[in-house]
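J.: build me a model from this:
(one chain, ligands or ions: 2)
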Amino acid sequence: MSSNVVPLSSISRTRPVPQAEPAASAGGCSSKSCGSSDAQGDMPAHIWDKVKDHPCYSEEAHHYFARMHVAVAPACNIQCNYCNRKYDCANESRPGVTSEKLTPEQAARKVAAVAVKVPQLSVLGIAGPGDSLFDWRKTSATFREVSKLLPDLKYCISTNGLALPDHLDELAEYNIDHVTITINMIDPEIGALIYPWIYYKGKRYTGVEGARILHERQMEGLDGLTARGILTKINSVMIPGVNDQHLIEVNREIKARGAFLHNVMPLISDAAHGTHFGLTGQRGPKASELKDLQDKLAGGANLMRHCRQCRADAVGMLGEDLSQDFTLDKLPEAPAAYDPEPRRLYREVVERERADRNKAVASAEAELADTTPEAPTKLVAVCTKGGGRINQHFGHAKEFQVFEVDAHGVRFSGHRKADNYCVGGYGDDDKLDIVLAALEGIDTVFVAKIGRCPKDDLKKAGIEAVDQYPFDYIETAVAAWYAEKFGSQSDSASIA
Ligand code: CLF
Ligand code: SF4
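T.: Numbers count the residues shown, from 1 in each chain. Ligands and ions are numbered 1, 2, ... in the order given. Below you'll find the predicted structure:
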């Protein structure tokens with residue numbers, strides 16, 4: 001098993017958590033009250049019950065829980081200009097060939113093996129490499145096989161929506177209570193720029209006609225899911241100059257139709273992937289463009305900001321990939337015996353961690369409420385392996401989580417991918433360049449530990465590495481740092 005899996009033992013506190021101050025009413029938006037970063041807040045109990053362990057539907061849950069995909073559905077009924085079928089579905093994955101396509105029986109064996117080794121596993125998703133509903137026979141057979149072995153998993157699918165209206169009742173029967181539809185447009189004229197053709201009722205449709213059918217079926221499917229109480233997330237691929245500004249209208253429409261979350265994902269476009277967009281030079285958005293759009297969408301449908309565009313055979317916590325640890329040749333011939341006890345114990349630990357973290361967030365908000373409101377909003381990066389803590393060495397970070405902080409709170413903003421700065425303790429200049437590019441617009445990075453050389457290198461590039469909060473909760477550490485930097489209102493009043 002990869003060292004990236006957070007072992008059960010490491011989720012418990014590695015150093016005492018600062019005592020929480022009494023909760024103060026925090027002004028404005030906080031990480032507890034925005035979009036998918038919700039702790040329960042005022043969410044109805046039956047909804048909270050569905051999302052609290054789902055790493056995609058709750059930003060908080062992604063610190064604690066893992067998902068896995070099984071690539072059982074290779075066929076697709078549409079063509080997207082950002083997809084090349086020999087690669088994973090770009091709806092739900094980063095480009096990279098799917099290692100193995102599985103039969104439903106093989107998939108069930110794989111899920112059982114992962115569940116034994118990864119107590120964090122809470123969700124089984126089917127997200128390609130084609131369309132999970134066009135291949136409904138294999139998708140449904142997989143859920144049937146898995147439910148015989150593991151009764152306590154949540155089921156999740158991702159679809160382009162064309163076949164969705166035909167399967168609404170079956171989705172409810174199979175207890176699939178999380179569905180993702182990729183909706184890139186509500187205007188078929190724009191759709192024609194994204195979808196060259198669709199295949200519907202035995203016939204191929206192209207251009208605006210095809211895009212109109214797809215749009216109507218997506219809306220019918222979304223309405224049907226809402227009517228059945230199935231939580232629906234909408235993924236949209238942001239394609240600069242094609243649908244980027246149009247996604248504001250998409251957000252409005254899906255909110256009105258009851259979508260639970262909106263996940264705007266940057267187009268991944270590279271000629272090497274052989275996609276139409278890749279070959280014609282269509283670029284993806286910059287991190288700053290994505291953030292600008294997400295900021296414009298604030299107040300609409302709740303936003304997911306922690307998507308990792310995972311592979312169709314991804315295994316593990318979001319942002320890590322253990323799929324190579326569970327290839328067919330490594331699986332036992334018979335399904336592994338399933339013992340629910342480690343998973344039950346893990347969930348107990350998580351509940352305690354959650355309670356601690358909520359206190360820490362309240363404490364952070366109280367501290368920030370006393371800082372001067374005129375102080376700037378800062379964007380900071382954090383090295384973390386999960387658990388909501390600063391618990392990763394700078395040299396081991398493959399990505400940074402990014403937070404915004406001001407007098408109103410510490411808010412999760414997204415993540416930036418970067419290669420490890422060092423492997424085995426040695427950094428090199430090329431990798432530092434990649435890290436610096438990933439940290440564009442950020443001048444502070446929180447680390448559990450960092451060597452003197454990279455610290456100096458960062459300093460030369462105008463980035464401060466903050467290492468005095470190892471293993472603290474992110475919110476408390478960032479709030480303490482901000483409060484120290486920008487002082488309290490009383491301090492600033494006396495300065496003024
Ligand atoms: Fe998989 Fe998708 Fe279910 Fe999650 S992924 S089918 S909702 S269990 Fe999650 Fe991965 Fe983003 Fe998808 S991070 S690509 S949103
Ligand atoms: Fe590719 Fe998925 Fe689009 Fe089908 S729906 S063409 S598999 S990205």
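J.: show me the shaky parts of the stretch 351-496 of the chain.
T.: 419-430, 488-496 (pLDDT under 70).
J.: quick one: residue 50 and ligand 2, what's the gap?
T.: Computed as C-beta to the nearest ligand atom, to the nearest Å, the residue 50 to ligand 2 distance reads 25 Å. No exception for glycine: its C-beta is placed from N, CA and C like everyone else's.
J.: go on, residue 135?
T.: 10 Å.
J.: you'd agree residue 237 is in a strand?
T.: Yes - counting by DSSP: H, G, I helix; E, B strand; the rest coil, residue 237 falls inside a strand.
J.: isn't it right up against residue 275?
T.: No - counting by C-beta atoms under 8 Å, residue 237 stays clear of residue 275, with 11.4 Å between them.
J.: who's more crowded, these two?
T.: residue 237 (28 against 23; other C-beta atoms under 10 Å).
J.: can you tell me which residues contact that one?
T.: Applying C-beta atoms under 8 Å, 6 or more residues apart in numbering to residue 237 gives the contacts 80, 82, 90-91, 182, 184, 194, 243, 265-267.
J.: now it, which residues is it bridged with?
T.: residue 265 (DSSP bridges).
J.: what does residue 121 give?
T.: Here residue 121, judged by DSSP bridges, has bridge partners residue 66.
J.: any idea how far it is from ligand 2?
T.: 24 Å.
J.: residues near that residue, how many?
T.: Count around residue 121 with other C-beta under 10 Å applied: 26.
J.: verify the stated contact: it with residue 115.
T.: Yes - contact criterion C-beta under 8 Å: residue 121 and residue 115 qualify, at 5.3 Å.
J.: so, low pLDDT: which residues of the stretch 51-200 of the chain?
T.: Ranges of the stretch 51-200 of the chain meeting pLDDT under 70: 85, 87-99.
J.: enumerate the residues of it near ligand 1.
T.: Residues of the stretch 51-200 of the chain found near ligand 1 (C-beta under 6 Å from any ligand atom) are 56, 67, 69, 92, 123, 125, 127, 156, 158, 178, 180.
J.: can I get the residues you listed in JSON lines with secondary structure?
T.: Listed next are these as JSON lines, based on three-state DSSP:
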{"residue": "56", "secondary structure": "coil"}
{"residue": "67", "secondary structure": "strand"}
{"residue": "69", "secondary structure": "strand"}
{"residue": "92", "secondary structure": "coil"}
{"residue": "123", "secondary structure": "strand"}
{"residue": "125", "secondary structure": "strand"}
{"residue": "127", "secondary structure": "coil"}
{"residue": "156", "secondary structure": "strand"}
{"residue": "158", "secondary structure": "strand"}
{"residue": "178", "secondary structure": "strand"}
{"residue": "180", "secondary structure": "strand"}
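J.: excluding its backbone neighbours, what's nearest whichever residue of the stretch 1-150 of the chain sits closest to ligand 1?
T.: The nearest approach of the stretch 1-150 of the chain to ligand 1 comes at residue 125, 2.9 Å away (C-beta to the nearest ligand atom). Nearest residue to residue 125, sequence neighbours excluded (C-beta to C-beta, 6 or more residues apart in numbering): residue 156, at 4.1 Å.
J.: count the neighbours of that neighbour for me.
T.: 24.
J.: please apply the same query to residue 299.
T.: Residue 299: 8 neighbours (other C-beta under 10 Å).
J.: any idea which element residue 351 lies in?
T.: Residue 351 is part of helix 341-369, with elements assigned from DSSP states H and E.
J.: ok, then the element right after that helix?
T.: Using DSSP H and E, the helix or strand that follows helix 341-369 in sequence is strand 378-382.
J.: list the buried residues in stretch 217-226.
T.: Neighbour-count burial for stretch 217-226, counted by 16 or more other C-beta atoms under 10 Å, picks out 217-219, 221-222, 224-226.
J.: filter those residues by proximity to ligand 2?
T.: Among those, no residue lies close to ligand 2 (C-beta under 6 Å from any ligand atom).
J.: could you work out the most separated pair of these?
T.: 217 and 226 (15.0 Å; C-beta to C-beta).
J.: for stretch 330-342, buried residues please.
T.: Quick answer for stretch 330-342 (16+ other C-beta under 10 Å): 331, 335-336.
J.: cool, and stretch 237-245?
T.: Buried, per 16+ other C-beta under 10 Å, within stretch 237-245: 237-240, 242-244.
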